[in-house]
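In: Requesting a structural model of the entry that follows:
(one chain, ligands or ions: 2)
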Amino acid sequence: MILYEQEELEYLDRRALEALQLLRLKKVIACALATPFYSERLNGVGIKHPEDMSCLEDLQKIPFTTKDDLRDTYPFGLLAVDKEAVVRMHASSGTTGKPTVIYYSREDLSRWTQLTTRSLIATGCGPKDVFQNMMTYGLFTGGLGLHYGAEDLGMFVIPSSGGNTKRQIQLMHDFGTTVVHATPSYMLHLHSQIVESGLPLSEFKVKKALIGAEPHSEDLRQKIETLFGIDAYNSYGLSEMNGPSVAFECIHKKGMHLWEDAYCIEIVDRNKLTPLADGEVGELVLTNLIRHASPILRYRTKDLTRIIPGSCDCGRTARRVDRMMGRTDDMLIINGVNVFPSQIEEVIMKIPEAGNNYRILVRKKGTLDVLIVQLEVAPAVLTDDTRDLYALKARLGDALKASISINPAVEFHEPGQLPVQEGKAIRVVDERGNLY
Ligand code: AMP
Ligand code: ZN
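Out: Ligands and ions are numbered 1, 2, ... in the order given. A predicted model of the protein is given here:
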């Protein structure tokens, strides 16, 4: 039974798959050439026309694209179509104040939806399922991304978005949710809150969880599966490559199929940036083959993984990537939200009362992550009226929330109280352990 129109794309043999990739790449190159940024870059390596791409290997001539390139071209420098053709944008944290923005035309969205529908099918979801989408709806791609695929598949969709755990539990319970989509850390929190609510797990119908947006270990997956008595499937995506459904596990749970008809995969040495063979761990570099409004070529994801050699028992031909094993940069993921330490520093530097030293702590409180910003402040601030101190804390808290979308705990310290290193300052202390 064909559940969605492009099912055959999942089973193409290598030759047919690569022919399709080249065809799609040429279209994306045509779009990229319409932007000043890429036309300069592509012309610089002799690509002036899509037909200058004679084979997939020609991709290697093109320089990598980074988050900084997206920031430098903010807001519209990478837009390849008329603004009227854009129907949606999404955004993710940049390394500093400016987010990285992605645009989608109607056709781009429909091609992305095809991938999310396919990913849901790969995990065994179907029209009879009740799908509760606990990922945040908004600029973050996690919520809306899977939403439309689930609707297209005919699932009963509960767009509950992130947070408000009591309401999530009530919805799950009363509407017989069978599939949930959440971050792994939220799944643990959800479980602890269900236990606290006193509702017996036997009154819930949940069978599957789709977990992603943040690093987690195989042990953590198994813990979620055992606690709920369900199957949990790893889902990987990033906004620069549309969002969720870049790579998804199938029912065999042996790595995530990276949908190669939609993305060209490269794994490169994390330092030399040279290509690595299947099985070797390096940085994942991706080219989006299906989005025309925001073409992105050879994007350095900064995520470390490897291609799992061999084929999958499900018969799908898209190669699989292993669960993400870390990042090559300092990006933190706090309860699914990306935070760069540089964003925090930028805010601190604008506070005149700030002293010379600060530290960022990340801890677990129960099952959730907490972010603590410790800051040395001028002695006068600490001896002053406590109301001023509270006001300063609130001001800093608000500024941080505006920049990183998280309200961290703020601690003030006297000058000289925070540890100082002789060499490179250690600004971030991540005490969560065992994320990968
Ligand atoms: P965003 O663009 O805000 O969606 O963030 C994308 C980043 O989240 C990726 O580059 C990864 O670092 C991280 N991420 C997303 N899904 C996963 C996953 N399943 N496992 C580990 N990290 C993930
Ligand atoms: Zn498979």
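
In: Paired strands for the strand of greatest length in the chain, with orientation please.
Out: Ranked by residue count and defined by DSSP state E, the top strand of the chain is strand 354-365. Partners of strand 354-365 in the sheet, by DSSP bridges, are strand 368-377 (antiparallel), strand 428-430 (parallel).

In: okay, now G310: neighbour count?
Out: Other residues near G310 come to 11 when the count uses other Cβ atoms under 10 Å. All C-beta atoms are positioned from the backbone trio N, CA, C, and that covers glycine.

In: From T317, how far off is it?
Out: As defined by Cβ to Cβ, to the nearest Å, G310 lies at a distance of 12 Å from T317.

In: shared neighbours, the two?
Out: Shared contacts of G310 and T317 (Cβ atoms under 8 Å, 6 or more residues apart in numbering): none.

In: My understanding was that D329 contacts K302; is that so?
Out: Yes: under the criterion of Cβ atoms under 8 Å, D329 makes contact with K302 at 4.7 Å.

In: Which one's more surrounded, the two?
Out: Neighbours per residue, other Cβ under 10 Å: of D329 and K302, the larger number sits with K302, 18 against 14.

In: Give me the nearest residue to the residue nearest the centre of the chain, chain neighbours excluded.
Out: Geometric centre of the chain, nearest residue: L238, 3.8 Å, by Cα atoms, centre = their mean. Residue nearest to L238 in three dimensions, not counting chain neighbours: T301, with 6.0 Å by Cβ to Cβ, 6 or more residues apart in numbering.

In: and what of K393?
Out: V410 (5.1 Å).

In: what's near enough to touch whichever residue of the stretch 101-250 of the chain sits closest to ligand 2?
Out: For the stretch 101-250 of the chain and ligand 2, the shortest gap (Cβ to the ion) falls at C250, measuring 3.3 Å. The contact partners of C250, taken as Cβ under 8 Å, 6+ apart, are A122, T123, H257, C312, C314, R316.

In: quick one: contacts for the fifth one?
Out: It refers to C314. Applying Cβ under 8 Å, 6+ apart, we find C314 in contact with A122, C250, I251, H252.

In: Among those, which ones lie close to ligand 1?
Out: With Cβ under 6 Å from any ligand atom as the criterion, the contacts of C314 include none near ligand 1.

In: quick check, nearest of the residues you listed to M135?
Out: Distance to M135 across the contacts of C314 (Cβ to Cβ) is lowest for A122, with 18.0 Å.

In: Was I right to think that closest one contacts H252?
Out: No: in this structure, A122 is not within contact of H252 by Cβ under 8 Å, at 9.5 Å.

In: neighbour-wise, which of those two wins?
Out: A122 (23 against 13).

In: and the more buried one, what are its phi and psi?
Out: When quoted as degrees, to the nearest 10, the phi and psi of A122 stand at phi -60, psi -30.

In: Against L25, how distant is it?
Out: Going from A122 to L25 by Cβ to Cβ gives 24 Å.

In: Now do the helices in the stretch 51-200 of the chain.
Out: With helices called from DSSP state H, counting those that start in this stretch, the stretch 51-200 of the chain shows them at 67-72, 106-122, 141-153, 165-175, 184-197.

In: So, low pLDDT: which residues of this protein?
Out: Where the chain drops to pLDDT under 70, the residues are 1-5, 384, 434-436.

In: Quick check: residues of it near ligand 2?
Out: With Cβ under 5 Å from the ion as the criterion, the chain meets ligand 2 at residues C250, H252, C312, C314, R316.

In: Does the third one touch K253 like I think?
Out: No: using Cβ under 8 Å, C312 is not in contact with K253, being 10.2 Å away.

In: Compare those two (neighbour count), which wins?
Out: More neighbours surround C312 than the other of C312 and K253, with 19 against 15 (other Cβ under 10 Å).

In: secondary structure class for that one?
Out: coil (DSSP: H, G, I helix; E, B strand; the rest coil).

In: ok, it - contacts?
Out: C250, H252, K254, G255, H257, R320.

In: rerun that using 6 Å as the cut-off
Out: H252 (Cβ atoms under 6 Å, 6 or more residues apart in numbering).
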